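**Student:** Next comes the sequence, and after it the predicted model I'd like to discuss.
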Amino acid sequence: MSTTALSRDTAPTGARTSPETVPRLALALMAAGAAAVLAAWWHATPSVVGAAGWLDGAGRITGLLAGYLAPVLLLLMARIPILEHRVGSDRLARWHALAGRYMVFLVSAHVVTIIWGYALTDGKGVVSEGVDIIFHYPEMIKGSLGTLLLFGTGIVSARVARRKLRYETWYYLHLATYLAIALAFSHQIVNGADLSVQPEQTLWSAYYVLAALTLGWFRLWMPYVRDRRHKLRVHSVVPEGPGVYSVILKGERLDDLNARPGQFFRLQFQTRNLRWVANPYSLSAAPHPNYLRFTIKSLGDHSSAAARLRPGTKVRAEGPYGAFTEDKARSPQVLLIAAGVGITPIRALFETLPGRLTLLYRAGSDREIIFRRELEDIAHDRGARLVYLVGSRRRHGKTLTPRGLMNLVPDLKAHDVYLCGPEPMQQAVIAALREAGVPTSHIHHESFEF
Ligand SMILES: Cc1cc2nc3c(=O)[nH]c(=O)nc-3n(C[C@H](O)[C@H](O)[C@H](O)COP(=O)(O)OP(=O)(O)OC[C@H]3O[C@@H](n4cnc5c(N)ncnc54)[C@H](O)[C@@H]3O)c2cc1C
């Protein structure tokens, strides 16, 4: 079924600064930090002589870079508002995962090159040198335990292992990284030739303390303050479709949250089983000063429990997070593409994005379409175009191809596109949009998988 109404021009959208400014600045800052670390090594190293010297140099550089990267890894996940809003949680999670892989590589290289270099200098075997370093150098037992923990979290984070673990199991095992970093810290200060001098030692310690304070502030203190301030509770749970429920939360002073359509919160329902689990859910309607609405599809323990929530249940909400907002749009013509439960942030954007809107909503069957009435009312009120793409993948095989999209949306190239749906569908549509000539900077997508 397709509902099409005349489009209406409203104020052109367009962010004041490029949406890529903050991500580029963040990357530049991270690179500058790494360069400063290398400069410190260069400054402290008058010359490198012989194989042992080269190995020792490689060990010091990789150790310094790994030590520098540890707080970066944590800061990427510290929920710093400017990063969450302007870089986006999914991109931050990708950077964090990539930095985690670099970290495992750097620590491995550090262990190998340092032990090997010291073995050459002392004229000993690598194994006996390794044993000697671990058990006889100060702070090395803690450093080695930290390294083992880091490798352990690296293993459980590998894609194969992650697929086999429940998200919560993986998440709690992964938290061991904090302990690993804390354990390895004193080893860096005591054993690191470049860090046992001043002012390097003070600066390095200040960097770690600052990272710990930032984490504590944004991940513990701010959620606690917000919790007390907004006093969120389940107001009602409304069935929307097969296995899909809207959870309406009531609270105080919700305007102060500055939540925007397209953003998400990490919700902790305060029931016995769900208290410690914070899962991300997008706003499925524009935020109201007294209510927030989330719409949740039952997939596993957390999402299925949403259907059974009782009115009055307390909820802790961390957020708002996410960069899938109006700020991204550059053009007054916007195409929204949603599939399955990916309609949730798209529904909120459909209600509020300025510009001439077209919404393509892909669902397996009519029964799976949620918010039908609301979407049609919005389309009618805003003069927006709403197209349902209902049926099997085979039937719609050609719809989401470059040609199919260009047929559906004339002047596709001039549109901003907001996209949310299952990962493989997103990848296919992004490729189709690019092939159809839509600039990458005009394609904005929200991933439901971190
Ligand atoms: C930014 C964002 C916004 C989201 N918005 C919505 C929404 O509006 N409505 C909705 O129904 N779903 C949404 N999701 C997906 C939702 O968070 C997961 O489906 C839900 O957490 C599943 O948890 P579970 O314990 O029920 O299932 P599990 O059995 O733990 O997992 C089911 C699947 O969900 C994945 N998953 C579980 N927890 C998380 C998590 N915290 N982060 C990332 N992936 C996870 C697992 O890898 C697995 O593939 C969103 C996800 C993200 C990242």
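**Tutor:** Thanks, I have the structure now. Residues are numbered from 1 along each chain as shown.
**Student:** for L360, what are its contacts?
**Tutor:** L335, L336, I337, A338, V387, L389, L408, V409 (C-beta atoms under 8 Å, 6 or more residues apart in numbering). Backbone N, C-alpha and C define where each C-beta goes, glycine included.
**Student:** ugh, wrong one, I meant R229
**Tutor:** Neighbours of R229 in contact, by C-beta under 8 Å, 6+ apart: E252, R253, D256.
**Student:** Please apply the same query to G437.
**Tutor:** Residues counted as contacts of G437 (C-beta under 8 Å, 6+ apart) are L412, K413.
**Student:** three-state assignment of it?
**Tutor:** Following DSSP: H, G, I helix; E, B strand; the rest coil, the label given to G437 is coil.
**Student:** A278 contacts L267, correct?
**Tutor:** Yes. Contact criterion C-beta atoms under 8 Å: A278 and L267 qualify, at 6.6 Å.
**Student:** who's more crowded, those two?
**Tutor:** Using other C-beta atoms under 10 Å, the more surrounded residue of A278 and L267 is L267, with 24 against 19.
**Student:** how close does that one get to A379?
**Tutor:** 29 Å (C-beta to C-beta, to the nearest Å).
**Student:** What of A99?
**Tutor:** Between A99 and A379 the computed distance is 43 Å (C-beta to C-beta).
**Student:** Next, count neighbours for whichever residue of the chain sits closest to the ligand.
**Tutor:** Ranking the residues of the chain by distance to the ligand (C-beta to the nearest ligand atom) places G300 first, at 2.0 Å. Neighbourhood size, G300 [other C-beta under 10 Å]: 11.
**Student:** Check it and give its pLDDT.
**Tutor:** On pLDDT, G300 comes in at 83.
**Student:** so it sits right up against L165, yeah?
**Tutor:** No. Applying C-beta under 8 Å, one finds G300 not in contact with L165, separated by 11.9 Å.
**Student:** before we move on, the earlier item: now intersect the contacts of R229 with the helices, please.
**Tutor:** Residues of the contacts of R229 located in helices (DSSP state H): none.
**Student:** L38: which element?
**Tutor:** helix 21-44 (DSSP states H and E).
**Student:** Residue numbers of the stretch 251-400 of the chain in contact with the ligand?
**Tutor:** Within the stretch 251-400 of the chain, the positions near the ligand by C-beta under 6 Å from any ligand atom are 264, 279-282, 294-297, 299-304, 322, 341, 344.
**Student:** same check, this time on the stretch 1-150 of the chain
**Tutor:** Within the stretch 1-150 of the chain, the positions lying close to the ligand (C-beta under 6 Å from any ligand atom) are S89.
**Student:** and the gap between L173 and A180?
**Tutor:** Distance, L173 to A180, by C-beta to C-beta: 12 Å.
**Student:** residues shared between the contacts of these two?
**Tutor:** Jointly contacting L173 and A180 under the rule C-beta under 8 Å, 6+ apart are T153.
**Student:** Those two: which is more packed in?
**Tutor:** A180 (23 against 16).
**Student:** chain center to the host helix or strand of that one, what's the gap?
**Tutor:** Using DSSP H and E, A180 sits within helix 176-191. Using C-alpha atoms, centre = their mean, to the nearest Å, the mean C-alpha position of helix 176-191 is found 25 Å from that of the whole chain.
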